[in-house]
Every structure is written in C-alpha cells, then in structure tokens.
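Novice: output the structure for:
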Amino acid sequence: EIGLGTEVGAEPRRQDHSSLRVQGVLEPAKKTRRHSLPVPSLGGVRALPFSPLSPTVRPYPPPVNPLGARLAETTAGISPHGRSSVGVMEWEEVADLVKGGGLANIATASLDGRPHVAVVSTAVDGDSVLFATTASSGKFPNLQENPQVALMWRPQAEVYLRGAAHLITDPEEKRRIWDSEVFPYDQSALFGTPENPDLLYVRVEPISASVITMGPGGLARRFWRR
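Specialist: From the prediction side, this is the model:
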C-alpha cells in the first residue's frame, strides 16, 4: 500500500505498528531476558534461575548446616540407643571422668514440669552416682515427685548423664555411706553428723551417658547406655 505523498518509483514506506499508541495503550514492553537474581551461596547450594515474569520460584535444596553436617560425620554410626563398634564407652570410663569431674550441675523437675538446677558434689559408688543434700533444699520436693534427673560435669571433657534418683533415708544406710568417706569433702562441716534429720543421700542409677571432647579432628562424641 502506498501512502499519500509517496513519490512514484520510490520504495514504499512501511509503518511501524509496534510504536503506535492505540486508544491510550502504551507501546509493547521490550522483552525481558531470563536471568538469575544474585542469591548468596548457602552451604555450597546455589539457587536455580527463574523468570521474574513468573510468580512461581523453582524449588532448590535446603541450606546445609555446616555444624550439623560436621557432627553427622563425626558421630556417623553412633547411636545413643544401642551399642556400636564406634564411639562406645564402658561404665568404668564414664566413672573415671565423673570421679575427676569435681562439682556437677543437676537438673530436676516437678511433676508439673517446673525446672530446678543446682550444684552438687558427687561420688561414684559401684555402678551408681551419689550426692548428699537436705530435705529443706529446692531439689528435694522435685525428687519426691519426679525421679528423672540429668547431671553434667566438665572436667577435661563434657560428661552428660541421665538417670533415676532414689532417696536414701534409712539411718543404717546413711551411716554406711557416711563412714565410707566416698565424698571429696568434710561432711561434718556441712551436715554435722549422719544423724542429722535434714541430711539425706541421693543415689542416681544411670540410664545413659555421653561424653564430648574436642580433638584435632573436631568434636568427638562417645556414648554409654545401660
């Protein structure tokens, strides 16, 4: 089609409809190239590219927790619920660490879940752990309601122990423990005599324990379970 004013023999001018404005409609937007937004790398995982014109973002693997991955490698094959050839301890090894562990933090809880934390001086008596306390202490009512306890020592390693507590109030058993001198302190300075009605001993029967050490290869964890 030749428009008005076009010279005869000249190349017809073609109208560029892409630049027309029809009834207020703006000219078509330029095409946008597909690209990836700059997303920082999370644990070595990079985001997949997506189109900014699409509301759907392509899924990508979740970020990796470096510490969690390191612990998973360190404790591979170790289960706190069973014995394995890797990371397993004997009770004697745990007991040696407890004997040299000094003071321990003990966590108790009431029947309705109210927590309590205290510091106690412990002793190993065979395959159990002992400590002395008083009937007027904050932990005593918790131990009466809920025998489940957790203890933590931090000598050259972090030692965590979970067990069931038994209150010892029998006068003869109290005298036996008193005379055995298993505790690394002078009991008379704290409790006077074994006949003190406020004095009681607590025997913790261990259920499980874990020991965490830091070595050249990083964190190492070993387990014991009755």
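Novice: pLDDT below threshold where in the chain?
Specialist: The chain contains residues with pLDDT under 70 at 1-86.
Novice: following the strand ranked longest in the chain, which helix or strand comes up?
Specialist: For the chain, the strand that runs over the most residues, judged by DSSP state E, is strand 199-215. Next helix or strand after strand 199-215 toward the C-terminus (DSSP states H and E): strand 218-225.
Novice: can I get that next one in PDB? Just the C-alpha atoms.
Specialist: As requested, the backbone C-alpha atoms of strand 218-225 are provided in PDB (Å, rounded to 0.1, in the frame of the first residue of the first chain):
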ATOM      1  CA  GLY A 218      37.000 -31.500  65.800                       C
ATOM      2  CA  LEU A 219      34.200 -32.700  68.100                       C
ATOM      3  CA  ALA A 220      34.100 -36.300  69.100                       C
ATOM      4  CA  ARG A 221      31.200 -37.900  71.000                       C
ATOM      5  CA  ARG A 222      31.000 -41.300  72.700                       C
ATOM      6  CA  PHE A 223      28.000 -42.900  74.300                       C
ATOM      7  CA  TRP A 224      27.200 -45.400  77.100                       C
ATOM      8  CA  ARG A 225      23.900 -47.000  77.800                       C
END
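Novice: what residues sit buried inside it?
Specialist: Within strand 218-225, the residues that qualify as buried are 220, 221, 222, 223, 224, 225, counting by 16 or more other CB atoms under 10 Å. Bear in mind the C-beta positions are built from the backbone N, C-alpha and C, glycine included.
Novice: counting by contacts, list what that strand packs against.
Specialist: Contact here means 3 or more CB pairs under 8 Å, 6 or more residues apart in numbering; DSSP states H and E; on that basis strand 218-225 packs against helix 66-74, helix 91-99, strand 199-215.
Novice: again, 6 Å this time
Specialist: With contacts taken as 3 or more CB pairs under 6 Å, 6 or more residues apart in numbering; DSSP states H and E, strand 218-225 sits against strand 199-215.
Novice: buried set for the strand it packs on?
Specialist: Buried residues in strand 199-215 (16+ other CB under 10 Å): 199, 200, 201, 202, 203, 204, 206, 209, 210, 211, 212.
Novice: beta partners of the third one?
Specialist: Put plainly, it is residue 201. Residue 201 forms beta bridges with residue 132, residue 168, as assigned by DSSP bridges.
Novice: I'd say it and residue 133 touch.
Specialist: No - using CB atoms under 6 Å, residue 201 is not in contact with residue 133; the gap is 7.9 Å.
Novice: put the alpha carbons of the longest strand of the chain into PDB.
Specialist: These are the backbone C-alpha positions of strand 199-215, laid out as PDB (Å, rounded to 0.1, in the frame of the first residue of the first chain):
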ATOM      1  CA  LEU A 199      20.500 -34.900 105.800                       C
ATOM      2  CA  LEU A 200      19.700 -37.400 103.100                       C
ATOM      3  CA  TYR A 201      21.600 -39.100 100.300                       C
ATOM      4  CA  VAL A 202      20.500 -39.500  96.700                       C
ATOM      5  CA  ARG A 203      21.600 -42.400  94.600                       C
ATOM      6  CA  VAL A 204      21.300 -41.900  90.900                       C
ATOM      7  CA  GLU A 205      21.000 -45.100  88.800                       C
ATOM      8  CA  PRO A 206      22.500 -44.100  85.400                       C
ATOM      9  CA  ILE A 207      20.500 -44.900  82.300                       C
ATOM     10  CA  SER A 208      22.700 -43.300  79.600                       C
ATOM     11  CA  ALA A 209      25.700 -41.000  79.300                       C
ATOM     12  CA  SER A 210      27.500 -39.100  76.600                       C
ATOM     13  CA  VAL A 211      31.000 -37.600  76.600                       C
ATOM     14  CA  ILE A 212      32.100 -34.800  74.300                       C
ATOM     15  CA  THR A 213      35.700 -34.000  73.700                       C
ATOM     16  CA  MET A 214      37.500 -31.600  71.300                       C
ATOM     17  CA  GLY A 215      40.400 -33.100  69.400                       C
END
